[in-house]
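>>> What follows is a predicted structure for the sequence shown.
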There are 2 protein chains.
Amino acid sequence: MRILFVEDDRQLSEVVAEQLKKEGYIIDCCYDGEEALGYALNDTYYYDVVLLDRMLPIVDGLTILKAMRQKHIPTPVIILTGLGALEDKIDGLDCGADDYLVKPFHVKELLARIRALTRRPAEIVNKEILTAYDLTLDREHRRLTCKDHSVILTQKESDLITVFMEMPDKTHSRGELIWRVWGENTEIENGNVDNYIHFLRKRFRELKCRTTIKTIYGAGFCLGDSQ
Amino acid sequence: MRILFVEDDRQLSEVVAEQLKKEGYIIDCCYDGEEALGYALNDTYYYDVVLLDRMLPIVDGLTILKAMRQKHIPTPVIILTGLGALEDKIDGLDCGADDYLVKPFHVKELLARIRALTRRPAEIVNKEILTAYDLTLDREHRRLTCKDHSVILTQKESDLITVFMEMPDKTHSRGELIWRVWGENTEIENGNVDNYIHFLRKRFRELKCRTTIKTIYGAGFCLGDSQ
DNA sequence: GCGTATTCTTAGAAGATTTTTAGAAAGTTG
DNA sequence: CAACTTTCTAAAAATCTTCTAAGAATACGC
């Protein structure tokens, strides 16, 4: 169970973090709002709970909270603050916080509230699924599917078919494909693209799908329907 | 949005219920524990939130709460009480309450806390017992079970399989796994992850389970079904 | 403090992917 | 149609990733 703890008062931070660690949580501490934003908005890794001070250097706590909710990061957030006025609490909760604890608080109460919050499941992460003609691509698992057939692509194959499926009607030149798949500064030759087009066409045969990669002679390639 | 409001102080009950109704909630009031039990455990009708006084005639508030959770009724519960001592709060939260508000409170804060609770889908998960595909993990005893076979895992094995079972469909990179299992500032190398993946696969063979850890070449690992 | 269990490191083998190369096939143009 | 350009295909080389095993280091229980 992983907790992000954002608190600029180093002394308080240390004391609380210490006790949370004793309970078996993994704690990442940060001490200003800018740093916290970076941690909180990184959705590759996720936290199970975020403990957020309201008044922080550089970027304010509520701004961080709002940014998280705007990016649909569902991680439960408990605001820890000295601002105990009614309006402050309502503000905090309505910005998307799940709980609001006024300083000074007992760490034991904080622990109980963390337990209460983590009893409920975090929402499901939305997956990136692309569709074109009769094909479906799950980029996370690199699985290309057509009806009841499916294959696992290699990284480069997946990157390449992604370019096509994102713009199924566009003719993509070799130069563009190299740029999109291999990046700006690469020594890759056109022949390599041809090769991967060949690989993808073999995949299509395995899948027995109707989708094809059409050659536009002298211009490039384009996704299309074979019938 | 439907709220069950259990409070034996008729005067307080009326005032609060009045204001909740003004906000558009449908309120069912009851005034003793026995009556409340009947309402709360009747799963034909369901409530979006239950507001529960702790000290009630006939049956005590925590008893009602425990009974609800025992019957796996996941409705969010806010305890409203005069008992504001630390131990009381912890007791209440650990019995399955989602929030704990000490009297006297502002109705506006109660409203904000109700909004916070009802933003999330209501479903309680037992974080100690995880399930994915044909596997069950009891984290407390570190026992991994499949049908009638089971093994006791080491700490790290258990931590690692936990990450997978919490998000069974996600591809986890080595970096993420290190981050989740070993924490932020660690010198652990990727090879160590590979090793524990190897250990877990051996465990799976012992269990003769269908679940596997799939390698997504160049990306990481992902839980899956072998058939 | 000793023995056992667990965790971490290392390193080479095995395996998969990516890139290069080269010749055959196909399309275009005068 | 002949010369040329472009595209297709296959195979091998190079690179990178993953698997496995064995041993060293560390933590834990008696």
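Received the coordinates, thanks. Numbers count the residues shown, from 1 in each chain, chains lettered A, B, ... in the order given.
>>> List phi and psi for the closest residue to residue A:199 other than its chain neighbours.
Spatial nearest neighbour of residue A:199, chain neighbours left out: residue A:157 (5.7 Å); criterion: Cβ to Cβ, 6 or more residues apart in numbering or on different chains. Backbone N, C-alpha and C define where each C-beta goes, glycine included. Taking degrees, to the nearest 10, you get phi -60, psi -40 for the backbone angles of residue A:157.
>>> pretty sure residue A:157 contacts residue A:195?
No. Using Cβ atoms under 8 Å, residue A:157 is not in contact with residue A:195, being 10.5 Å away.
>>> which one of those two has more residues nearby?
Legend: neighbour count by other Cβ atoms under 10 Å in any protein chain shown for residue A:157 and residue A:195, higher for residue A:157 (19 against 12).
>>> State the pLDDT value of that one.
At residue A:157, the model reports a pLDDT of 96.
>>> show me the contacts for it.
Residue A:157 makes contact with A:142, A:196, A:199, A:200, A:203, according to Cβ atoms under 8 Å, 6 or more residues apart in numbering or on different chains.
>>> any chance of the residues you listed in TSV, plus pLDDT, secondary structure and distance to DNA strand D?
Shown next, in TSV, are those (pLDDT from 0 to 100; DSSP: H, G, I helix; E, B strand; the rest coil; distance: Cβ to the nearest atom of the strand, whole Å):
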residue	pLDDT	secondary structure	distance to DNA strand D
A:142	95	coil	12
A:196	96	helix	9
A:199	96	helix	9
A:200	97	helix	10
A:203	96	helix	12
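>>> If you go by neighbour count, which of the residues you listed are buried?
Among these, the ones that count as buried by 16 or more other Cβ atoms under 10 Å in any protein chain shown are A:142, A:196, A:199, A:200, A:203.
>>> So for residue A:172, what's the nearest residue that isn't a sequence neighbour?
In this structure, residue A:172 finds its nearest non-sequential neighbour in residue A:220, 5.0 Å apart by Cβ to Cβ, 6+ apart.
>>> residues from chain A in reach of DNA strand D?
When proximity is defined as Cβ under 7 Å from any atom of the strand, chain A approaches DNA strand D at A:174, A:190-191, A:194-195, A:197-198, A:201, A:215-221.
>>> ok, 6 Å please
Residues of chain A found near DNA strand D (Cβ under 6 Å from any atom of the strand) are A:191, A:194, A:195, A:197, A:198, A:201, A:215, A:217, A:218.
>>> residues near the fifth one, how many?
Right, the one you point to is residue A:198. 11.
>>> in what helix or strand does it lie?
helix A:190-207 (DSSP states H and E).
>>> what element comes up after that helix heading to the C-terminus?
strand A:211-216.
>>> Mind checking the pLDDT average for that following strand?
95.
>>> what about that strand, near DNA strand C?
No. Against DNA strand C, strand A:211-216 shows no contacts by Cβ under 6 Å from any atom of the strand, the least distance being 7.7 Å.
>>> Check which residues of that strand are buried.
Result for strand A:211-216 [16+ other Cβ under 10 Å]: buried residues A:211, A:212, A:213.
>>> Out of these, which is nearest to residue B:36?
Nearest to residue B:36 among the buried residues of strand A:211-216 is residue A:211, at 60.2 Å by Cβ to Cβ.
>>> I'd like to know how far the closest residue in space to the closest one that isn't next to it in sequence sits from chain B.
Excluding the flanking residues, the one nearest residue A:211 by Cβ to Cβ, 6+ apart is residue A:133, at 4.1 Å. Look at residue A:133 and chain B: by Cβ to the nearest Cβ, to the nearest Å, they are 25 Å apart.
>>> interface residues of chain A facing DNA strand C?
Close to DNA strand C, as judged by Cβ under 6 Å from any atom of the strand, chain A has residues A:154, A:155, A:156, A:157, A:187, A:188, A:189, A:191, A:192, A:195, A:217.
>>> Swap in 7 Å and give it another go.
Neighbours of DNA strand C within chain A, by Cβ under 7 Å from any atom of the strand: A:152, A:154-157, A:182, A:187-189, A:191-192, A:195-196, A:217-218.
>>> Mind jotting down where the helices sit in chain A?
Along chain A, counting by DSSP state H, helices occupy A:10-22, A:33-41, A:61-70, A:86-94, A:107-118, A:155-166, A:174-182, A:190-207.
>>> for the fifth one, packing partners?
What that stands for is helix A:107-118. helix A:10-22, strand A:49-53, strand A:77-81, strand A:99-102, helix B:86-94 (3 or more Cβ pairs under 8 Å, 6 or more residues apart in numbering or on different chains; DSSP states H and E).
>>> tilt between the second one and helix A:86-94?
So that's strand A:49-53. 150 degrees (axes from the mean of the first three to the mean of the last three Cα atoms, to 10 degrees).
>>> before we move on, back to that, so which of the helices and strands packed on helix A:107-118 is the most packed in?
Comparing the helices and strands packed on helix A:107-118 by mean neighbour count (mean count of other Cβ atoms under 10 Å in any protein chain shown), strand A:49-53 ranks first with a mean of 25.
>>> That one and chain B in contact?
No. Applying Cβ under 8 Å from any Cβ of the partner chain, one finds strand A:49-53 separated from chain B by no less than 11.9 Å.
>>> Domains in chain A, by residue range?
A:2-118, A:129-225 (automatic domain parsing).
>>> Deepest in the core, which of these is it.
domain A:2-118 (a mean of 18).
>>> May I have the distance across it, first residue to last?
One end of domain A:2-118 to the other measures 11 Å (Cα to Cα, to the nearest Å).
>>> Isn't the residue nearest to residue A:172 up against residue A:173?
Yes. Taking Cβ under 8 Å as the definition, residue A:220 is a contact partner of residue A:173 at 4.0 Å.
>>> still on that earlier bit, let's have the helices and strands packed on helix A:107-118 in CSV, adding mean pLDDT.
Output for those, formatted as CSV (pLDDT from 0 to 100):
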stretch, mean pLDDT
helix A:10-22, 89
strand A:49-53, 95
strand A:77-81, 95
strand A:99-102, 95
helix B:86-94, 94
